[in-house]
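Participant: with the input below, show me the fold.
(4 chains)
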Protein chains: 2
Amino acid sequence: MTAQEDPDRTVELLWREPWDATSRQGLSIGAIVRAAVEIADAEGIEALSMRRVGERLGFTGMSLYRHVRGKTQLVDLMCDAVLGETVTGTVTGAGTVTVTGAGAETESPAGRSRPGDPGDPGGSGGSAGPGGWREALEAWARRYRALCHRHPWLAGVHGTRYVPGPNSVAGFEHALATVAGTGLSPAEMVAVVGLVGRFVEGEALREAEVARIERRTEVSEQDWWGARESLFAELSRYPTLTAVWEAGGYDEPEDPFEFGLRRVLDGIEVLVRQRDERRDEIASCVVCGATVDRSGTGRPRAYCSRGCQQRAYRRRRSGPQGGIRQ
Amino acid sequence: MTAQEDPDRTVELLWREPWDATSRQGLSIGAIVRAAVEIADAEGIEALSMRRVGERLGFTGMSLYRHVRGKTQLVDLMCDAVLGETVTGTVTGAGTVTVTGAGAETESPAGRSRPGDPGDPGGSGGSAGPGGWREALEAWARRYRALCHRHPWLAGVHGTRYVPGPNSVAGFEHALATVAGTGLSPAEMVAVVGLVGRFVEGEALREAEVARIERRTEVSEQDWWGARESLFAELSRYPTLTAVWEAGGYDEPEDPFEFGLRRVLDGIEVLVRQRDERRDEIASCVVCGATVDRSGTGRPRAYCSRGCQQRAYRRRRSGPQGGIRQ
DNA sequence: ACTCCTTGTTTATGGTGTAAACAAATTTAT
DNA sequence: ATAAATTTGTTTACACCATAAACAAGGAGT
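Facilitator: Next comes the predicted model:
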């Protein structure tokens, strides 16, 4: 979903509006989002319609439009609501989803999770010392996957212009912290987190689809493929495929998530090791590339001079080149 | 899409039916699929409807149902049609898509590509000697990505029960051949190809979505994020994110595809090297794990005894454990 | 000439998101 | 207290969508 219209209103809703403020006749954003999540969890995102949500709450479908701009915005809110789940908490039951959306400035008592909190989608702890980044990043990936399992529609809904809410950003912050101090450049850190995040989403998407179809058609993946004899008859003309098949390549398949995650993390580790080698070498200015004095103590300098520091600042002010995404 | 109903009919259509057989009043499967691809290419998959396809051909929407079971089957056919494109060929123009579906057994003159053909979606050449697997696999990934660029709906439509057609299988065969002879186990070969394939699809999905939204809303990704000042105001409380931002992590972002592909291939290379080390060591029986005699010459044995070979055979006969997917 | 089959059309059903007009109730201003 | 304004939910309407079912017309086989 894309929040195509009025993303600023979505930001407002996500970050500054109290979701539990019930209107005169009892409708509230929190209730709407919660009902929508319940429907999507139980029957899939394609079963989610404005009418369904409204009627579940005892209203008409159109009543929602007084609180929410439209369906795409509702989905945006659903995403962040769900991303705010405590990792250990129960999930899809009626009203279990924590959708408190109290103001960010006001330290509300029933406040939401903050970056670094054990309750954020990132979970506990940052990078646990040098070399600990891998365990932490892997754990983050697994928690994210578990979340996608609990809400099978989530992975299929994350768009490129998804407006990030507090819970989404908290998770991203945690993941970034995970690879901080590895010697990766800032851009590489962002890329690493994005890569792992999209990997998880991709795999979760498959897994969710398999589960959904198996439930709907009541025929397992294995049975379905086993019944495709008319297809297998055509496959004997492909030598490599046949060889792989006959060598038992499909008897005990690798788990796609486990296999993929290991490969991706291995690939990242290769990069980290590369950067690690150069960490102690001469640093270069981020702007002009000139060598930077290493005083040996304190925070290492990023710029060779005040001039370059200022140039970097001006460049930043002109706006980002790509979106901030999880 | 899932081909939920009557997949055997889809197999029939993909592998054995001639698509160019025009009926009395001029409708044919080939024409239908071609028109559908044109619409989806030009206006996105969400603009594709049975009515649109029918009317583009001068018929009603219902007329299609005499040739195609329903929309999901049509999408399945579209996939394989598009997967059959010559890599170098032109693309989205009217009628350029090669959707010849002549029989597989009969060597039709305007026949489709075969595994290993330079014209298959896999492209030319298998693994180019030892160590060449990486270049070949990378090239395959890039071709697949290019295909997804030409048909932005493709990546978002590949499901787990997608019925593979001849072009799809040819591409898969090629990719498998790419990693044959690396010392990977058959199951690992399948997993590697699946990982890379899904990575490409995932990235292509994002790229397609960005392009689609940018075209529809006429505001670039950069401009859109630049306009989210009300959001940025909230972000200063996240220390790592702020640090990354201030260090210029978003000034020159890594290209997600290039970065990710390198990581994934690096990760695979780690695995390949692991297997390579053990290649010359003592092999173990695939079934019972016992050591296998290495005669030193000829094809290395996979089983320790005739008994284990037979057991493996019976296990294979009972059907596959997972689907064959690209 | 008669029947059967193929193919395209018409009609109908139940679903979707949401714009616009409307009605009631509460809040605010006077 | 009274009137105006605002909020909030409802009704109606529109333009789509996939597709089931009945129907009509033409060709092929006998």
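
Participant: report the secondary structure state of A:Val193.
Facilitator: Following DSSP: H, G, I helix; E, B strand; the rest coil, A:Val193 is assigned to helix.

Participant: nearest spatial neighbour of it, chain-adjacent residues omitted?
Facilitator: A:Ala175 (4.5 Å; Cβ to Cβ, 6 or more residues apart in numbering or on different chains). To be clear about C-beta, it is placed using only N, CA and C from the backbone, and glycine gets the same treatment.

Participant: helices or strands up against the helix or strand hosting that neighbour?
Facilitator: A:Ala175 is part of helix A:166-179, with elements assigned from DSSP states H and E. Contact partners of helix A:166-179 among helices and strands, from 3 or more Cβ pairs under 8 Å, 6 or more residues apart in numbering or on different chains; DSSP states H and E: helix A:71-83, helix A:133-150, helix A:186-217, helix B:239-246.

Participant: wait, does the longest one make contact with DNA strand D?
Facilitator: No - with Cβ under 7 Å from any atom of the strand as the threshold, helix A:186-217 lies outside contact range of DNA strand D, at a closest distance of 13.6 Å.

Participant: CA atoms only: put the helix or strand that comes right after that helix into CSV for me.
Facilitator: Going down the chain from helix A:186-217, the next helix or strand is helix A:221-226, by DSSP H and E. Output in CSV follows, covering the C-alpha atoms of helix A:221-226 (Å, rounded to 0.1, in the frame of the first residue of the first chain):
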residue,chain,number,x,y,z
GLU,A,221,1.9,-28.3,-1.2
GLN,A,222,3.5,-31.8,-1.4
ASP,A,223,0.2,-33.4,-2.5
TRP,A,224,-0.4,-30.7,-5.1
TRP,A,225,3.0,-31.1,-6.7
GLY,A,226,2.8,-34.9,-6.4
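
Participant: buried set for helix A:221-226?
Facilitator: A:221, A:224-226 (16 or more other Cβ atoms under 10 Å in any protein chain shown).

Participant: A:Glu254 in helix, strand or coil?
Facilitator: coil.

Participant: thought it was touching B:Met189?
Facilitator: No - the pair A:Glu254 / B:Met189 is not scored as a contact, 9.6 Å apart, by Cβ atoms under 8 Å.

Participant: who has more neighbours, those two?
Facilitator: B:Met189 (24 against 20; other Cβ atoms under 10 Å in any protein chain shown).

Participant: DNA strand D contacts on chain A?
Facilitator: A:23-27, A:54, A:59-63, A:65-67.

Participant: looking at these, which is nearest chain B?
Facilitator: Within the residues of chain A next to DNA strand D, proximity to chain B (Cβ to the nearest Cβ) peaks at A:His67, which comes in at 19.6 Å.

Participant: what sits closest to the closest one if chain neighbours are left out?
Facilitator: Per Cβ to Cβ, 6+ apart, closest to A:His67 is A:Ile29, 5.3 Å.

Participant: okay, that neighbour: pLDDT?
Facilitator: Here the pLDDT value assigned to A:Ile29 is 96.

Participant: now swap in A:Asp20 and tell me
Facilitator: pLDDT at A:Asp20 comes out at 88.

Participant: helix, strand or coil for it?
Facilitator: Secondary structure assignment for A:Asp20 (three-state DSSP): coil.

Participant: let me have the helices and strands packed on helix A:166-179 in a markdown table, adding mean pLDDT and distance to DNA strand C as columns.
Facilitator: Output for those, formatted as a markdown table (pLDDT from 0 to 100; distance: least, Cβ to the nearest atom of the strand, whole Å):
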| stretch | mean pLDDT | distance to DNA strand C |
| --- | --- | --- |
| helix A:71-83 | 96 | 4 |
| helix A:133-150 | 97 | 22 |
| helix A:186-217 | 95 | 16 |
| helix B:239-246 | 94 | 31 |
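
Participant: the residue nearest to A:His67: neighbouring residues, count only.
Facilitator: 23.

Participant: hang on, it packs against A:Trp19?
Facilitator: Yes - with contact defined as Cβ under 8 Å, A:Ile29 counts as touching A:Trp19 (4.5 Å).

Participant: list the contacts of A:Ala187.
Facilitator: Residues near A:Ala187 by Cβ atoms under 8 Å, 6 or more residues apart in numbering or on different chains: B:248-254.

Participant: now narrow those to whatever sits close to chain A.
Facilitator: B:248-254 (Cβ under 8 Å from any Cβ of the partner chain).

Participant: for chain A, state which of those residues is nearest.
Facilitator: B:Gly249 (2.9 Å).

Participant: shouldn't that closest one be in contact with A:Met189?
Facilitator: Yes - between B:Gly249 and A:Met189 there is a contact at 6.4 Å, judged by Cβ under 8 Å.

Participant: which parts of the stretch 1-150 of chain A are helices?
Facilitator: In the stretch 1-150 of chain A, the helices defined using DSSP state H, counting those that start in this stretch lie at A:7-15, A:29-43, A:50-56, A:71-83, A:133-150.

Participant: now the contacts of A:Ala187: which count as buried?
Facilitator: Looking at the contacts of A:Ala187 with 16+ other Cβ under 10 Å, the buried ones turn out to be B:248-251, B:253-254.

Participant: could you dump stretch A:173-186 to PDB, C-alpha only?
Facilitator: Extracted in PDB, the C-alpha atoms of stretch A:173-186 (Å, rounded to 0.1, in the frame of the first residue of the first chain):
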ATOM      1  CA  GLU A 173      16.700   1.800  14.500                       C
ATOM      2  CA  HIS A 174      17.400  -1.400  16.400                       C
ATOM      3  CA  ALA A 175      18.500  -3.200  13.200                       C
ATOM      4  CA  LEU A 176      20.900  -0.300  12.400                       C
ATOM      5  CA  ALA A 177      22.300  -0.400  15.900                       C
ATOM      6  CA  THR A 178      23.000  -4.100  15.300                       C
ATOM      7  CA  VAL A 179      25.600  -3.400  12.600                       C
ATOM      8  CA  ALA A 180      26.900  -0.200  14.100                       C
ATOM      9  CA  GLY A 181      30.600  -0.500  15.000                       C
ATOM     10  CA  THR A 182      31.300  -3.100  12.400                       C
ATOM     11  CA  GLY A 183      33.400  -0.700  10.200                       C
ATOM     12  CA  LEU A 184      30.800  -0.600   7.600                       C
ATOM     13  CA  SER A 185      30.100   2.800   6.000                       C
ATOM     14  CA  PRO A 186      26.700   4.400   6.900                       C
END
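
Participant: in the buried ones among the contacts of A:Ala187, find the pair that's most separated.
Facilitator: B:Gly248 and B:Glu254 (12.4 Å; Cβ to Cβ).

Participant: show me what contacts the residue nearest to A:Ala204 when sequence neighbours are not counted?
Facilitator: Among residues not flanking A:Ala204 along the chain, A:Cys148 sits closest, at 3.4 Å (Cβ to Cβ, 6+ apart). A:Cys148 makes contacts with A:154-155, A:200-201, A:204, A:207-208, as judged by Cβ under 8 Å, 6+ apart.
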